[in-house]
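Here is my input; please provide its structure:
(one chain, ligands or ions: 3)
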Amino acid sequence: EILSLLKTIVPPLTSKKHKGQDGRIGIIGGCQDYTGAPYFAAISALKVGADLSHVFCTKDAAAVIKSYSPELIVHPVLDGPNAVEEIEKWLPRLHGLVVGPGLGREAALLQTAQEVIEKTKARDIPIVIDADGLWLVSQQPSVIQGYRKGILTPNLMEFTRLYESLHHQPMDSTDQRRNVVQLSVAMGNITLVLKGEQDLISDGSGVMACSVEGSGRRCGGQGDLLSGSLGVLAHWAHSASTAGTIRSVNPSAVAAFGACALTRQCNNQAFQQHGRSTTTSDMIQEIGSAFRKLFES
Ligand SMILES: NC(=O)C1=CN([C@@H]2O[C@H](COP(=O)(O)OP(=O)(O)OC[C@H]3O[C@@H](n4cnc5c(N)ncnc54)[C@H](O)[C@@H]3O)[C@@H](O)[C@H]2O)[C@@H](O)CC1
Ligand SMILES: Nc1ncnc2c1ncn2[C@@H]1O[C@H](COP(=O)(O)OP(=O)(O)OP(=O)(O)O)[C@@H](O)[C@H]1O
Ligand SMILES: [Mg+2]
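Ligands and ions are numbered 1, 2, ... in the order given. The predicted structure follows:
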């Protein structure tokens, strides 16, 4: 049912479009320790169908990320003196922002991320917050609370940290469906994705579970593939909603389901070929065929 909705939000490929129309996505992340995560997110956005993918990272991460791929536009501004202004210049051109993959937890970088999130909200652009961006949200929930186009994609650890920060009590993990709903409500009904054996998605009004078959392989970086893909799908879903193509569903939740299904399908296909040696790069190679299978057949 959700998969058929997703098929209607995928923009048709026609000769009438110019570069950029199907999505310009920004990733905030990439620092000395982590260069893979922002790369995975940014390349996944392109492979899903965005036209341009920007990475805003620290100076020392930039050359590394550029050398992984000529497809990405890489801005070495995140630890510069005018980081917020430098990133803000690009915001009018972006359709979706993913905050957190490989961001690290240095206070100055988190402060920059926070200010960029505020500027992005003012422009009504979809924002996916993942990884270290969720560390920021645990400390300062108001940064994204109540933002209709905000989506959080925690793994279990990140989810527990968020839950305990908002509810001021230990989380009882026997009923994760209830916990996901409660946390979404506490966050002002923003869309939450708790990743796990099943991915649980809620905007506070109910729970959708995505259990597309993946595999037993849990290599690092799969979450980055998910958040990068979601940056594009969120843009498409909100555009379709504005155009009236999809009604009476939360576009953020539809997009989240799509990104979960896609990640799991990529994992499944890559595992069939590579088994235990499957890595996120192998999964990225499957994005095209997984996408066709799920959303174009
Ligand atoms: N190649 C790269 O550059 C990668 C960088 N990464 C970055 O690494 C940084 C830290 O991310 P982490 O995800 O390690 O966050 P955390 O530092 O919060 O660690 C999460 C921990 O929880 C554990 N965990 C996850 N799911 C669990 C479950 N279901 N049950 C029990 N334990 C569970 C993991 O083993 C990990 O030790 C982020 O910036 C992230 O983007 C990751 O995205 C992986 C790939
Ligand atoms: N036990 C599981 N069974 C099947 N799929 C899973 C399982 N755990 C996670 N996944 C899938 O793996 C993907 C990434 O989830 P994961 O929990 O590994 O994120 P993460 O820790 O943020 O990853 P990353 O290493 O990129 O930071 C999601 O699509 C999720 O559905
Ligand atoms: Mg992660």
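
Please make it C-alpha for all contacts and neighbour counts, starting now.
Noted.

Got the phi and psi for the residue sitting nearest the centre point of the chain?
With distances taken as C-alpha atoms, centre = their mean, residue 227 lies nearest the centre of the chain, 2.3 Å away. The phi/psi pair for residue 227 (degrees, to the nearest 10) reads phi -70, psi -40.

How about it: what's its closest non-neighbour residue?
With C-alpha to C-alpha, 6 or more residues apart in numbering as the criterion, residue 227 has its nearest non-adjacent residue at 6.2 Å, and that residue is residue 41.

Same question for residue 212.
residue 261 (5.7 Å).

Find the helix or strand that that neighbour is a member of.
Secondary-structure assignment from DSSP states H and E places residue 261 in helix 251-274.

Quickly check: whichever helix or strand comes after that helix near ligand 2 or not.
The helix or strand immediately downstream of helix 251-274 is helix 280-285, counting by DSSP H and E. No. Helix 280-285 stays clear of ligand 2 (C-alpha under 6 Å from any ligand atom), getting no nearer than 8.4 Å.

What score does the residue nearest to residue 212 have for pLDDT?
You'll see residue 261 listed with a pLDDT of 98.

heads up, I number from 31, so please use that
In the new numbering, first residue 31, that becomes residue 291.

Check the gap between residue 61 and ligand 3 for me.
Distance of residue 61 to ligand 3, given as C-alpha to the ion, to the nearest Å: 15 Å.

and what of residue 76?
Residue 76 is 19 Å from ligand 3, by C-alpha to the ion.

how close does that residue sit to residue 162?
22 Å (C-alpha to C-alpha, to the nearest Å).

and what of residue 262?
Counting by C-alpha to C-alpha, the gap from residue 262 to residue 162 is 20 Å.

if you count what's nearby, which of these two comes out ahead?
residue 262 (33 against 21; other C-alpha atoms under 10 Å).

What about the residue in the stretch 181-327 of the chain that ligand 3 sits nearest to, how many residues nearby?
Per C-alpha to the ion, residue 253 is where the stretch 181-327 of the chain lies closest to ligand 3, at 4.6 Å. Residue 253 is flanked by 25 other residues according to other C-alpha under 10 Å.
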